[in-house]
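give the three-dimensional model of this entry:
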Amino acid sequence: MTVYALDRRGRGQSGDAEAYSLQREVQDVVAVVESFVEPVTLLGHSYGANLALEASLITDSLSGLILYEPGIAVGDHQMSDPAVVARMNDLLVEGENEEALLVFCREIAGLTDAEIDAFRADPSWDDRVAGAHTLPREDEAFGSHELRGERFSAMTTPTLLLSGGESPQRYRDATEAVDDALPNSRIVTFEGQQHVAMNNEPDRFVDEVLSFVRESA
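Numbers count the residues shown, from 1 in each chain. From the prediction side, this is the model:
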C-alpha cells in the first residue's frame, strides 16, 4: 500500500495565490486524485475533510473516502468566529505564528491543554507553525460551507466517518449530519478522544483506516 500526502496551498512545498476559495482547494485535491491510474482512498481531517467531501462529488477516481470530523456548521452551531479570525490575523502580522496556531487549536479545534502539548511534541508541529497564515482564511471558509445533503444522494463511494467521543458537539453533530446525507457511510467513534485521535491514539487510528481500505478495495 502506498500513501501520498498532499501539501495544500500555502503549506509545505506547495505554492500559494492571492485569490483563495474552498473550491480552488477542492480542485487541487481532485487534480492529485486523478493523477493516479488506479482509484484511491481519500482521507481528510477537519478542513481537509471538507475538501475531500466536496472532491467526492466531482471525481470518479475514488474507491473510498475517509472523513475525520469535517468542519461543517449544522443546526445552531457556528464553525467560524470573526473575533477569533481577527485575533489570529493580528498575531500573524506581528510574526507570532505559533501563538496564532495555538489560538486556533484552543478556540476553533477545541483541543485540551494535554492534547495541545502532545500536538506540539509531534514532528509536524514546526510545519504547522510555518503554515499558520492559512488558518484564518480556512476558518472563514468553514463558516460558509453548507452541507446541502441532497447533493450527495447519488454519491455511493464507501465512506468511513471518524469522530472523537469527547470532541466538541459541533464536530460530532457535523459528522452525524454527513452520515445522514451519504448513502454508503458509517461512523467509528474514538471513545475518550477528541479532534486529533491520529496523534493521541495512532495505532487504533491506523487500524481503522487500514481495515476500511481493505474492505473498500
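
what about Val3, how many residues nearby?
9 (other C-beta atoms under 10 Å). In short, each C-beta sits where N, CA and C put it, glycine included.

tell me how far it lies from Leu42.
12 Å (C-beta to C-beta, to the nearest Å).

for the lengthiest helix in the chain, list the C-alpha coordinates in PDB.
With residue count as the measure and DSSP state H as the assignment, the chain has helix 202-216 as its longest helix. Provided in PDB are the C-alpha atoms of helix 202-216 (Å, rounded to 0.1, in the frame of the first residue of the first chain):
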ATOM      1  CA  PRO A 202      -2.300   6.400  16.400                       C
ATOM      2  CA  ASP A 203      -2.400   2.600  16.500                       C
ATOM      3  CA  ARG A 204      -6.200   2.500  16.600                       C
ATOM      4  CA  PHE A 205      -6.400   5.300  14.000                       C
ATOM      5  CA  VAL A 206      -4.200   3.400  11.600                       C
ATOM      6  CA  ASP A 207      -6.100   0.100  12.300                       C
ATOM      7  CA  GLU A 208      -9.400   1.700  11.400                       C
ATOM      8  CA  VAL A 209      -8.100   3.300   8.300                       C
ATOM      9  CA  LEU A 210      -6.400   0.100   7.000                       C
ATOM     10  CA  SER A 211      -9.400  -2.100   7.800                       C
ATOM     11  CA  PHE A 212     -11.600   0.300   5.800                       C
ATOM     12  CA  VAL A 213      -9.200   0.500   2.900                       C
ATOM     13  CA  ARG A 214      -9.100  -3.300   2.600                       C
ATOM     14  CA  GLU A 215     -12.900  -3.500   2.800                       C
ATOM     15  CA  SER A 216     -13.400  -0.900   0.100                       C
END
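
what are the buried residues along it?
Going by neighbour count (16 or more other C-beta atoms under 10 Å), the buried part of helix 202-216 is 205, 208-209, 212-213, 216.

state the mean pLDDT of it.
Helix 202-216 shows a mean pLDDT of 95.

who are the packing partners of that helix?
strand 40-45, strand 62-68, strand 159-164, strand 185-190, helix 197-200 (3 or more C-beta pairs under 8 Å, 6 or more residues apart in numbering; DSSP states H and E).
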